[in-house]
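Novice: generate a structure from the sequence data that follows.
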Amino acid sequence: MAQRTFVALMPVFLIGSIAQALYSGFINYDSWFYNITEAYNFVPYWLSDNLIYLLKAIRYAAFNLAGLFIAYMAAEYTARLFKKDAQLAGITSILTLLMISLNGRRPGQVLALPFSGFLLNVNMALVSFGLGYCIGLLFRWLGPDYQHRRFEHLADLDKRVWDSFKPMLVSLALGIILALGLYILKVNLSQAWFTSMLGTLFGTNNVLKGIGLAIAVTFLALVGVGYPLQALNGDNNSAEAVANMNYALVHGSSWNIPYKYLGSEIYTAYANALGYVTLALIIAVLLLAQNMRRRRLAELTLFPTMFDAPSGFFSGYPVLFNPIIIVAYIEVVVINMLLTAGLLWLRWIPPVAFAILDGTPDPLAPFVATNGNLNSLIYTIVLLIIDVLCFLPWVRFDMKIERRVRDNEEA
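Specialist: Numbers count the residues shown, from 1 in each chain. Model prediction:
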């Protein structure tokens, strides 16, 4: 059910991923391409501003409102499975999610919209999917059976709407109760929850502790809770990271920084599930896929994934809620972090410490963040090959299971 929901939404996320990659890697004023090519000397600002506005609008529609699409599709598929009214179940799920996301006005608080974007964002896909699935079940228990027809008379439509009124009212009532509960308890839903939780990973110099936290962050991202991973890929302003960068800037080298095993830096540079690791998975799929749909998906998502925008591939493969691929991701993340820590201890590669421009392609990020160290570039390429080899048996096994499931459904 979960995989069908996200595969159906693949075009939306793919378009959003491409817009995100173009914005962060090429068009944005802080992007690496815009600054390296000195595009500000020949691209007029009015053109850049309009392109930025357009790409941000596409990205917002695809990702910031993704919860509405996910809730609709989850409820629609669940209701259809039990031969209930799928369309009204989907509409009800959207209304209920908006009710729960209602951001009540408090004294002195001015809001542009009465809804909190926290639950509507793609980074809370688990909540949106769970809500849609539960509403589909409510229609199963409270709604009458319904057989979808190509053409429906107005009288039949009127009867269908009234027949589904009971599960709709129950769903909306539950949404209002949850919204009131959040308001009364003054629960402020925001990404700051996860940022504070990640404080340990941002500042830990303990490799094993960093690996444990990285496993948790990766697992959450692959089951639809992406806020921790998004926070981890943002700016690291921990005292340890700042100390590393200051030392590197003063000495022009990162070889002897005080915190060389910083968990967040090892993860984002060499084990990033948003870009580097997913890039290896896409290459593995390209090497093994005989299904043209899978191959086309891998080809189209290769470009945005290089700029940390893999949502199109996550939903279309699907990676989300796929236990085989989740285990493969965790294995690769652990291997990458252990190998990197080992090479740092042997002093074969320097630790990353220098700031990089937004949208720097993932394979080049460690090279840039070590001030152009050639060993880091060679290691990044070798590590990518190792990751692809690690993914190959898992992808082969996943494709085998998929074929078996499809054969059973067609039998």
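Novice: next, work out how far apart R80 and Q87 are.
Specialist: R80 sits at a distance of 9 Å from Q87 (criterion: CB to CB, to the nearest Å). In short, each C-beta sits where N, CA and C put it, glycine included.
Novice: same check on L274?
Specialist: Taking CB to CB, one finds L274 at 34 Å from Q87.
Novice: now do G372
Specialist: G372 is 57 Å from Q87, by CB to CB.
Novice: now do the buried residues in the one helix or strand L208 maps to.
Specialist: Per DSSP states H and E, L208 falls inside helix 207-222. Under the neighbour-count criterion of 16 or more other CB atoms under 10 Å, helix 207-222 has 207, 210-215, 217-222 buried.
Novice: quick one: the helices in the stretch 251-400 of the chain?
Specialist: Here the stretch 251-400 of the chain has its helices, by DSSP state H, counting those that start in this stretch, at 263-270, 276-288, 292-305, 311-316, 323-346, 365-369, 374-410.
Novice: show me where pLDDT drops low in the protein?
Specialist: Residue ranges of the chain with pLDDT under 70: 1, 103-113, 152, 157, 185-203, 234-237, 409-411.
Novice: what is whichever helix or strand comes after the helix holding L208 packed up against?
Specialist: Per DSSP H and E, helix 207-222 leads on to helix 227-232 as the next helix or strand towards the C-terminus. Contacts defined by 3 or more CB pairs under 8 Å, 6 or more residues apart in numbering; DSSP states H and E place helix 227-232 against helix 192-197, helix 207-222, helix 263-270.
Novice: columns distance to E299 on top of these, output as CSV?
Specialist: Shown next, in CSV, are the helices and strands packed on helix 227-232 (distance: least, CB to CB, whole Å):
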stretch, distance to E299
helix 192-197, 33
helix 207-222, 22
helix 263-270, 25
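Novice: which one of those helices lies nearest to P323?
Specialist: With CB to CB as the criterion, P323 lies closest to helix 207-222 of these, at 9.5 Å.
Novice: ok, back up a step: could I get the buried residues of helix 207-222 as TSV with distance to Q20?
Specialist: Putting those into TSV (distance: CB to CB, whole Å) gives the following:
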residue	distance to Q20
V207	31
G210	27
I211	28
G212	29
L213	25
A214	23
I215	26
V217	20
T218	20
F219	23
L220	20
A221	16
L222	19
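Novice: closest to P304 among the residues you listed?
Specialist: Of the buried residues of helix 207-222, the one sitting nearest to P304 (CB to CB) turns out to be A221, at 16.2 Å.
Novice: could you report the neighbour count for L392?
Specialist: 18 (other CB atoms under 10 Å).
Novice: pretty sure it sits against L286.
Specialist: No: taking contacts as CB atoms under 8 Å, L392 lies outside contact range of L286: 11.1 Å.
Novice: which one of L274 and Q87 has more residues nearby?
Specialist: Neighbours of L274 and Q87, each counted by other CB under 10 Å, are more numerous for L274; the result is 23 against 16.
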